[in-house]
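Asker: here are the coordinates; sequence isn't available:
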């Protein structure tokens, strides 16, 4: 059932979304809410409001698991069914393993929950591999397959290609996990616009629909989301903020607090219920093999536990029932909601911990939260909702956000914002750096003649800072040779011991700078050159991934000194230079000096961070002495002396300014070695893409074969049925009927006895074509018989219109609207067509249904087009031409006008003047023309809807004379 928000989406989103250019008609963007248990896709394309994508089963969410068996992949509901039948070949909950090494506690928990999966270790990367039928698959490659399936589903729904995508991830994903998801999207050949935090997507969806409720005062929203394997709490602030570059105010959402539990979710509740069912089975049924040792039996129990959990959310008790669960034993047991709540009683503190962590990070208490919103299927469990209600006391727990679709709809709005083909209303989104990033390096120092090294920590993206943000520049001034440093996480004291164990490596990468020594040798060879340090640029993209953009060595270099003769010549030149010329040169030197001074200021800082890139425009200030020289004063000897002295002083100042250093930047080589997660090499990426491509090729081949098989089988049975129908038999001769019956009999025997899995696509197509050849003449006769009446009616209608038009054209001879050649041509074509039709119609009426037709429908349409073209030509000419009177009438009218002028007023009053008669006659002709043309326009549209039209033309009117009847057929 569609929710209230779903109805609002259909009505409001067209106002938010405006298509930019008709040239981008093929543009479309999608979002993927990549959850642990389910994934949802949303689409935006030109002319269509943002909407949830329906999969091939017409469902709005798709199970997020994949099954691989015998070289064939299964997705969605097919994979869910395979997970019970073939649990060793079905893999789900992959998001928990992404970007984690084999020794991570979450990997251990995963193997405990799904012990029947064959998990191995990638020796080089120390990450998880799944071994299925001897083939090893990385987590990234399996997620890439799921993303590729999501893309295909979206393209089928959109009926056009889609590459641009926004993928949602939990905000607690660290750098390794985010980079791994980026690689998976690259494998799937998707153009990743952004990794969007899922709580931000839900918050954006909330804000877009409540834009009018946002004001200058901050509105605080807490989103509590319990999914399948995680629980998060996010505190978001909404308010209008001014943009830096303008005074325009736009709504903005900022995450100000966040808490999480990576392993608490609906799956934990389901597993506890499954274990309870297993214990009940052991207690009531004695078996030779323990049920826990049978993967298929445990998969059946897990499926039943999931169903039972959902039923107990609305009922006090229910029966769990599984047929043939283990060793041919059926199982049935009654379970109450109270028993379920007792099973999860120890989880209550963990349910509230994310909320406490978020409030602590935001430095606020519950009373300051304006609204609480529940999301995730886990919040539907009554016990969870009761615990939350007890914590928030009198605050209402709202469920107005669509649990299944809010994240997908919010992220597709972001996709439209980032895509080139759409423009949406501005809505600022700022996420938090919940894990600070810093640079660690060893700095050498000397004190009292003793050299020591000290470890220096320099934060670049501090805790609770917002992103996206400007790039950061870190300056190193104590190194004159190649050196290295580490990119690490900062202080993570806000994390618990459990969260720290699950976090993984706190070291991100090891970075080596090279080329410094070489730059020193080449640049320091010039006298007056000084090393100002090394600058390294960092940035964080919209996906929250930190990048090292580059590095360069910075030098201050003095210009080469002038010779003594050049210096003396410069001073003498100053004595003879004019005031204006000295001023211009001084201003130029002043500007260059200021510019050089600004460049030097940017390089003089020592081991400092959080320095944003900026550029300052040099300002040139006019010299006051020069300004005074512009006054209109009488030339005196004293003035000339002062001017000469001033020119010499300015020249000295100019020479001194020329000695200021210039900044030189030499790019350095940077090598980065990942420490948290080894990146997939280019070779590994190519191999993974090749595996995905081979799967897709096999699936396309299989789909083509199945389509050929189904089409052939449908044709055989359809013809078998039609051979018994009288409507079909009357168009066949006896010889044709016998030949088709014999061929169908042979093909059915082949289809039932010989066709098997080894039969190729070409064989099915050849058999299909052999039968189609026999059916072709019969289908042609049936098609002609079915289409002929409508086309004949169009032709007869055109005859009527043409006759009417020819009759009307005789009324326009006085104004020479048409030439005699034009009228003769139309009559000739009209008469030829009528003669052709009379002959062909008579021949057709004498034929049997099994005979070839005397004329085809295409012949009729060609005749209609030919005659219609001639009529439309004259009709358009009548519509736009200006009527002319014949010369004789014009001359007579002129004579009448002269006589009228000499007549008396009394004569004019008797019968009216000839001039008035001419005017009246002209007016009547005009009125008649307008009336007739208008009538043609109105009637033609109503009476000949089946007739083809040309641009700028209109149909002809129905004739009041002879009418041709369709019964002539």
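Answerer: That came in fine, so what should we check first? All figures in this text were calculated on a predicted structure; none of them were measured in a lab. Residues are numbered from 1 along each chain as shown.
Asker: how about the helices in the stretch 301-450 of the chain?
Answerer: 337-343, 348-362, 382-392, 406-418 (DSSP state H, counting those that start in this stretch).
Asker: contacts for the third one?
Answerer: Residues lying outside helix 382-392 but in contact with it, judged by C-beta atoms under 8 Å, 6 or more residues apart in numbering, are 224, 226, 313, 337, 340-341, 344, 348, 351-352, 355, 366, 372, 374, 378-379, 397. Heads up, the C-betas are built off the backbone N, CA and C, glycines and all.
Asker: which among these count as buried?
Answerer: The neighbour count (16 or more other C-beta atoms under 10 Å) marks 224, 226, 313, 337, 340-341, 344, 348, 351-352, 355, 372, 374, 378-379 as buried among the contacts of helix 382-392.
Asker: do you know how far the closest residue in space to residue 136 that isn't next to it in sequence is from residue 142?
Answerer: Closest residue in space to residue 136, ignoring its immediate chain neighbours: residue 129 at 4.6 Å, by C-beta to C-beta, 6 or more residues apart in numbering. Noted for residue 129: a distance of 10 Å to residue 142, by C-beta to C-beta, to the nearest Å.
Asker: between these two, who's got more neighbours?
Answerer: residue 142 (24 against 19; other C-beta atoms under 10 Å).
Asker: quick one: contacts for that one?
Answerer: Residue 142 touches 66, 91, 94, 130, counting by C-beta under 8 Å, 6+ apart.
Asker: give me that answer again for 6 Å
Answerer: For residue 142, the contact set (C-beta atoms under 6 Å, 6 or more residues apart in numbering) comprises 66, 94.
Asker: could you say which helix or strand holds it?
Answerer: Here residue 142 sits within helix 139-158, counting by DSSP states H and E.
Asker: buried set for that helix?
Answerer: Applying 16+ other C-beta under 10 Å to helix 139-158 flags 139-155, 157-158 as buried.
Asker: and for stretch 482-490?
Answerer: For stretch 482-490, the neighbour count (16+ other C-beta under 10 Å) marks 482, 483, 485, 486, 487, 488, 489, 490 as buried.
Asker: which stretches of the stretch 301-450 of the chain aren't confidently modelled?
Answerer: 449 (pLDDT under 70).
Asker: picking that back up, what angle do the helix or strand containing the residue nearest to residue 136 and helix 139-158 make?
Answerer: Here residue 129 sits within strand 128-132, counting by DSSP H and E. Angle, strand 128-132 to helix 139-158, by axes from the mean of the first three to the mean of the last three C-alpha atoms, to 10 degrees: 70 degrees.
Asker: how about residues contacting strand 128-132?
Answerer: So strand 128-132 is in contact with 68, 89, 91, 97, 118, 119, 120, 122, 136, 137, 138, 139, going by C-beta under 6 Å, 6+ apart.
Asker: helix/strand/coil for the first one?
Answerer: In other words, residue 68. Under DSSP: H, G, I helix; E, B strand; the rest coil, the three-state class of residue 68 is strand.
Asker: give the contact list for it.
Answerer: Shown in contact with residue 68 (C-beta under 6 Å, 6+ apart): 89, 132.
Asker: for residue 698, see how far away it is.
Answerer: Taking C-beta to C-beta, one finds residue 68 at 12 Å from residue 698.
Asker: how about the last one?
Answerer: According to C-beta to C-beta, residue 139 and residue 698 sit 22 Å apart.
Asker: would you confirm that residue 519 contacts residue 553?
Answerer: Yes. Using C-beta atoms under 6 Å, residue 519 is in contact with residue 553, at 4.5 Å.
Asker: show me the domain layout of this structure.
Answerer: Domain assignment for the chain, taken from automatic domain parsing, gives 4-265+350-431, 433-557, 564-660, 697-759, 787-968.
Asker: want to throw those domains into CSV with distance to residue 668?
Answerer: Formatted as CSV, those follow (distance: least, C-beta to C-beta, whole Å):
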stretch, distance to residue 668
domain 4-265+350-431, 23
domain 433-557, 4
domain 564-660, 15
domain 697-759, 45
domain 787-968, 66
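Asker: any idea which of those domains is most buried?
Answerer: Of the domains of the chain, the one with the most neighbours on average (mean count of other C-beta atoms under 10 Å) is domain 4-265+350-431, at a mean of 19.
Asker: chain center to it: distance?
Answerer: Its chain's C-alpha centre and that of domain 4-265+350-431 lie 14 Å apart, by C-alpha atoms, centre = their mean, to the nearest Å.
Asker: what's the answer for stretch 855-872, then?
Answerer: 47 Å.
Asker: contacts for that stretch?
Answerer: When contacts are defined by C-beta under 6 Å, 6+ apart, stretch 855-872 is touched by residues 784, 787-788, 791, 794-795, 798, 802, 826, 829, 833, 840, 950, 953, 956.
Asker: lowest-pLDDT helix or strand in the chain?
Answerer: Sorting the helices and strands of the chain by mean pLDDT, DSSP states H and E puts helix 624-629 at the bottom, at a mean of 34.
Asker: what ranges does the stretch 701-850 of the chain have for its helices?
Answerer: Listed in chain order, the helices found in the stretch 701-850 of the chain under DSSP H, counting those that start in this stretch are 726-729, 734-749, 761-809, 820-845.
Asker: out of those, flag the one nearest residue 405.
Answerer: helix 761-809 (39.4 Å; C-beta to C-beta).
Asker: related to what we said a few turns ago, need the helices of the stretch 701-850 of the chain in JSON lines with mean pLDDT and distance to residue 706, can you?
Answerer: JSON lines is the format used below for the helices of the stretch 701-850 of the chain (pLDDT from 0 to 100; distance: least, C-beta to C-beta, whole Å):
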{"stretch": "helix 726-729", "mean pLDDT": "88", "distance to residue 706": "28"}
{"stretch": "helix 734-749", "mean pLDDT": "93", "distance to residue 706": "18"}
{"stretch": "helix 761-809", "mean pLDDT": "93", "distance to residue 706": "9"}
{"stretch": "helix 820-845", "mean pLDDT": "93", "distance to residue 706": "43"}
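Asker: can you lay out these as TSV showing distance to residue 544?
Answerer: Shown next, in TSV, are the helices of the stretch 701-850 of the chain (distance: least, C-beta to C-beta, whole Å):
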stretch	distance to residue 544
helix 726-729	66
helix 734-749	61
helix 761-809	47
helix 820-845	74
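Asker: direction included, what does the strand or helix carrying residue 510 pair against?
Answerer: Take DSSP H and E as the rule and residue 510 turns out to sit in strand 507-514. Using DSSP bridges, the strands paired with strand 507-514 are strand 483-489 (antiparallel), strand 669-674 (antiparallel).
Asker: quick one: contacts of the last one?
Answerer: With contacts defined as C-beta under 6 Å, 6+ apart, strand 669-674 is touched by 509, 510, 511, 512, 514, 515, 551.
Asker: tally of neighbours for the nearest residue to the second one once chain neighbours are set aside?
Answerer: If you skip the residues right next to it in sequence, residue 510 has residue 673 as its closest partner in space, 4.5 Å away by C-beta to C-beta, 6+ apart. When neighbours are counted by other C-beta under 10 Å, residue 673 registers 12.
Asker: against residue 114, how distant is residue 673?
Answerer: 33 Å.
Asker: check residue 41 too.
Answerer: 26 Å.
Asker: could you do residue 681 as well?
Answerer: Remark: distance between residue 681 and residue 114 (C-beta to C-beta) = 29 Å.
Asker: what do you get for residue 286?
Answerer: 27 Å.
Asker: next one: residue 534
Answerer: 49 Å.
Asker: low-scoring stretches of the protein, by residue?
Answerer: Segments of the chain classed as low confidence (criterion: pLDDT under 70) are 1-26, 449, 525, 560-659, 813-815, 882-969.
Asker: fine, thanks again, bye for now.
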